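Undergrad: Return atomic coordinates for the entry below.
(2 chains)
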Amino acid sequence: MNGPLIVQSDKTLLLEVDHEQADACRRAIAPFAELERAPEHIHTYRLTPLGLWNARAAGHDAEQVVDALVEFSRYPVPHALLVDVAETMARYGRLTLSKHPVHGLVLTTTDRPVLEEILRSKKVVPLVGARIDADTVAVHPSERGQIKQTLLKLGWPAEDLAGYVDGEAHPIELAEDGWALRPYQKQAVEGFWHGGSGVVVLPCGAGKTLVGAGAMAQAKATTLILVTNTVSARQWKHELVKRTSLTEDEIGEYSGTRKEIRPVTIATYQVLTTRRKGVYPHLELFDSRDWGLIVYDEVHLLPAPVFKFTADLQARRRLGLTATLVREDGRESDVFSLIGPKRFDAPWKEIEAQGYIAPADCVEVRVNLTDSERLAYATAEAEEKYRFCATTATKRKVTEALVRKFAGQQILVIGQYIDQLDELGEHLNAPVIKGETPNSQREKLFESFRQGEISVLVVSKVANFSIDLPEATVAIQVSGTFGSRQEEAQRLGRVLRPKADGHQAHFYSVVARDTLDQDFAAHRQRFLAEQGYAYRIVDADDLLTGDLG
Amino acid sequence: MGTGERDQEAHVSEGTTGAGGTGEAGGTTGAAAAEHRGTPTSSPRTLAEALRSRPDASLAALLRARPDLLTPVPNDLTQLATRAGTRASVVRALERLDRFALQTAQALAVAPDPAPYPVLLALLAGDEGDTAVESALPGALAGLREQALVWGSDERLRLVRTARELLAPSPTHPSPTGLGPTVAEATAGMSPGRVQEILRAAQLPATHDPVSAVAALTSLVTDRARMSALLDTAPPEALAVLDRLVWGPPYGEVSADPAPPVRWLRDHGLLLPTSARTVVLPREVALHLRAGRAHRAPEPVAPAVAPAKEYRPQVVDSAAAGQALTALTMVEDLLAEWNEGGPAVLRAGGLSVRDLKRTAAALDTTEQAAAFWLELAYTAGLLASDGEADERYAPTPAYDSWLDLPPAERWSRLAAAWLTATRTPGLVGGQDARARTLAALGPDLDRSPAPEVRHRVLALLARLPEGTAPDPETLLARLHWEHPTRTGPEDLRPKLAQWTLTEAELLGVTGRGALAAHGRELLATGGPSRTSTTTPILGLAAAAALAPHLPEPVDHVLLQADLTAVAPGPLRRPLAATLNVLADIESKGGATVYRFTPASVRRALDAGQAASDLHAFLAAHSTTPVPQPLSYLIDDVARRHGHLRVGAASAYVRCDDDALLDEIVADKRSAGLRLRRLAPTVLAAQADPATLLEGLRAMGYAPAAESAEGDVVITRADTRRTPPRTAPAPVPEGPPLPDETLLGAAVRAIRAGDEAATVVRKEAPHTAPAEPGGLPRTTAAETLATVQAAVMTGSALWIGYVNADGAASQRVIAPVRVEGGFVTAYDHTADEVRTYPLHRITGVAELADDPA
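TA: Purely as a prediction, here's the structure:
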């Protein structure tokens, strides 16, 4: 009656972090429950069918799940919930996809009525071939992905044991000179390789690229890497050259600007999903080589058409990398059926405890609009509103005060509106990097920032996506995008690595009070807080007077 | 049970006539025996006499078993016997019988009246005998005797006549035994010539006396040896036909020219015709074929309730306690939802389907479960309609005092109310007899057997070892044995039992299907008493048993930087109430997750809390430091709270001259206008603009009215118009003048009616001496009495009859039986057996001489 876990009727699990059994409990529930929020005292996990099936795929059974819940629960666990867990888990594995020596790809069942039920579904009929015996039915090899998707939707996820093609061999080794894969990264690679295909979930900044590199070194085959954008593609390339035996020439970039197909090819989602006259012209990329491994970066952002292509790639090994399985469009089930079940999940706290990642000190500074700005804001058109509030003059004063406060440290000022940034650069006497800044100039400025020759750098959102962005100890965001706050917060987390000398990183977000700016900031902060980043809110006036005093 | 005294009687006296009426209730005949109470010297001749001979304790047992006999208290035993023989009372008593007692009664109903004990035993146990039946029968018989359904000594067992009528097989009420009428009954309506034919076919000596003919036939079919011999000669197809009829229903349809096997059976009297198209297997023949058994499967022993699963009692208790807590939360959530007034009451009573759906969504449960919680709150008196003109549901004052109780007691109130309630939430969503949907909280949800079934189910659960969950199928089978309901297409009891199991689990009386310790306590103290006055007290023991399993309420929360607060257990009430206002609930269960939003904080401020109060409240109840963003949120919302002020005013006064407004406000005469200074140049008034203008004018000012846009309104006498209207249509007196078509049709109709009334009719055939005035006319009571008498005497009657088309006729009939408002009779006029509704018989008269 005194466990660390509280099982809620809505299938969330509340874990009291400070409880003495909290660690044991976390280990016990992590395989089947998704961590939703990790603020300071109580972590929230959620039980979902996919989570339970993930656990089944990883070899856990319902009894283990029930035992874990009952053992650690502080209050009696609702019986209905336990029954539901057992029933849900029992649905996985009744259907298996496998290779038959004679009939090729077959769907086998251990429970005949289930097979009868799904064969009666109109959606399944076009995907299957002849009935071989009472428990087996042939499946068209081209429909391997389709049928897995369909069966999952019908609530009978199939276990895919049909194996993979080896693909075109290509020697890839990790170049572990002076560094090594961290233990959890090794486990992730092993977990993935053992499972064949699937998703590795690691928190931001935990080195997912290296897990990808490790998987490639295991596969030793030609690899297609799908990433979110060009910047990310270059970061991958950079990392792979640095960390593996691959050379620049062996790695191709397939993006809007370049169309190289090499033994290792990095393609962006954007180019793949470009449509011309109703067709996807870059689809042939998937067939251009006999890929042995396909890596999906940021699975939670995978665009819908890529799922469709992926459905046809079920015979190749697939590795998904992500910080979270939760998708804003709710297509978690497609990730599960097409890329694979979760193969590795590192407890965030453990990685933090090992010192590989650390939260920054996040501060939101609220500034007041002046009276004339308020009137302008109130009368502005809807699409102009954000610009008005985000570029208030007061923000400049606050930024200056902050720069003075952290004088001597490496400071990045990040913003969205060029006018605002130019003005700031002028007042702070700092160089500005924006879209029109040529690459060579960027490189030069970045380099001198890294070297400490410049301590303040003003960057626009283009730099926000740039991988070369040097690490800083202080970031000041004066205006943000209204796109995905989650993505932005992740990038900020990446910029703000803890320094070797133990300096804490600081992230200031300057926000105009009582405006849209504040609403967007609230979303972002909620995400940060749920990721365990502590944050504070201060008034600009306090900051300014405090700075004077 | 006091049945032994009748075993000692030796003297057999048969005082009744063969008229069928045994006169059980005959009070006058029993008068002499009144002094023989307790020491009978002879077998009782009537039920009253039998009752008289019973000791007081036994009479008390009767009244306990059949409480309906007590209202009003009978004057004497004769009246008690009469009442015990009434149809309503007997039906009620029969419905309460368990399976074997009922089977015993059914067997008695097909046995000769009176029947000796061995005959009854043979009917139940069959020719081969059955030890289980032999050992159970005396008990069953004792029970029947106690309930005054059976009386008489073991040598002369008699079923109360009403019970016999209810249980004996008849064409309209087939008996569960599947037996048909006796040979005597089946041949009652038969023409004597037909009886002779059967006698000849059965190779019995011909006799012209119908009584001795029937007797001869009866003696043939009851003689096992002769029957076996006869059946040996039967063609195999005929035996197959018998096989089909032997376990009932005993009636079969035949064509005008039946197949040879059927003809053989009919010719040999093994099948008797009941009408031109149907034949029946006489009871004696069926019993012979069944080896003497009245029932295919006598069930002397109650089926056991099989355990399905066993848990540790602690597991059951804690699971049930968890659910009990959920039940409390559900009821509290429900009523909190309706705190400021619930949904409207339907005109026909109850809650609309839409509101039920909404409630289910709010409680995050199914509609069926939502109906249960609603009914539970209603039954416990926590929820009622407010009785206003615009009727709505709302929590009662009892809800507030209930909330103040400790959780265990709160639960026991609910559980006790549930156990004794006749309200049946399981019916919600179904339809009543008139195909109207039954609404939650609506009328027609009371089912009187509900408390008894609930109690019985729990009692059966309590009989299992602790921590044992029963197999529901066996539980239902057992209940069905105890209460084999015979009537009604929808059998409520199994459903009630099923609902009881579900509801007990929902309420936390059971956990994982097994009765929890507090459930046992509830059962032990809360008998199925009809009086609800004891319910508050009876739950206390259950509350005491439950209390240790309920989590201790906590008085603190954990505040987190993502603006949530987690209460790691049930919160103490005042704390929960404040938090409910201050934050939105995000997740419920053992713990509660609250989220603070600007809106929720504003709600708290609106409720009269100051920011400093909120800070103090959070600091006092948080075990962790209050996160800075949360304090900031509260301050930020408080800063803006009340910045804008909104009020209502009817009119305003504005003037650029502050001094003039000062003057007006200071003037005593302006008090009635209730002016308030909003700004130096604006006054708000509660009086309407016209009054305000007049008032100011009276004070000697010259105000001008202002339109909504601020222009001066020029007032002058306004002309007033209605919206467009049509002129009224003339309303002439009397009906409108008919047109030609209508007139023509009316005349034709009148002519036709007249013709019909005056036409010369064909005379009905007179088969009996016609009395002047045509149809005989008697009162309904006389008709019934005469027909019943005719059944007993077997005499024929002359009746006036109106058929379904309204045509009157006269018929001569020989009534065979009277039941359910119908008389079945051999119709001499038509020469066949027919059934007449009594209400269509205009009158009866006895015949001077027998037409047959």
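Undergrad: Tell me the secondary structure of whichever residue of the stretch 101-250 of chain A sits closest to chain B, please.
TA: Closest contact between the stretch 101-250 of chain A and chain B, by CB to the nearest CB, is at residue A:203 (16.4 Å). Glycine gets a C-beta too; all of them are placed from N, C-alpha and C. With DSSP: H, G, I helix; E, B strand; the rest coil as the basis, residue A:203 sits in coil.
Undergrad: cool, and residue A:225?
TA: Under three-state DSSP, the three-state class of residue A:225 is strand.
Undergrad: what about it, how many residues close to it?
TA: Neighbourhood size, residue A:225 [other CB atoms under 10 Å in any protein chain shown]: 28.
Undergrad: Quick check: next helix or strand after the host helix or strand of residue B:197?
TA: Per DSSP states H and E: residue B:197 is located in helix B:192-201. As assigned by DSSP H and E, the chain's next helix or strand after helix B:192-201 is helix B:210-222.
Undergrad: The helix or strand following that following helix vs helix B:210-222, what angle?
TA: Going down the chain from helix B:210-222, the next helix or strand is helix B:224-232, by DSSP H and E. Computed by axes from the mean of the first three to the mean of the last three CA atoms, to 10 degrees, the angle separating helix B:224-232 from helix B:210-222 equals 80 degrees.
Undergrad: still on that earlier bit, which outside residues touch the helix holding residue B:197?
TA: B:187, B:205-208, B:210, B:213-214, B:216-217, B:267-269, B:272-273, B:852 (CB atoms under 8 Å, 6 or more residues apart in numbering or on different chains).
Undergrad: Stretch A:369-377 now?
TA: Counting by CB under 8 Å, 6+ apart, A:385, A:388, A:389, A:392, A:393, A:394, A:512, A:513, A:514, A:515 sit against stretch A:369-377.
Undergrad: gap between residue A:211 and residue A:59?
TA: Per CB to CB, to the nearest Å, residue A:211 is found 21 Å from residue A:59.
Undergrad: Between these two, point out the one with more neighbours.
TA: Neighbour tally, residue A:211 and residue A:59, criterion other CB under 10 Å: the higher count belongs to residue A:211, 27 against 9.
Undergrad: now the host helix or strand of that one: mean pLDDT?
TA: Element membership of residue A:211 [criterion: DSSP H and E] is helix A:208-219. Averaged across helix A:208-219, the pLDDT comes to 90.
Undergrad: before we move on, what about stretch B:374-389?
TA: The average pLDDT within stretch B:374-389 is 88.
Undergrad: who in chain B is up against chain A?
TA: B:318-319, B:321-323, B:325-326, B:364, B:511-512, B:551, B:558-564, B:566, B:568-569, B:587-591, B:593, B:624, B:627-629, B:632, B:636, B:640 (CB under 8 Å from any CB of the partner chain).
Undergrad: Out of these, name the ones that lie in strands.
TA: Residues of the residues of chain B next to chain A located in strands (DSSP state E): B:511, B:558, B:559, B:560, B:564, B:566, B:587, B:593.
Undergrad: The residue of the stretch 101-250 of chain A closest to chain B and residue B:418, how far apart?
TA: 50 Å.
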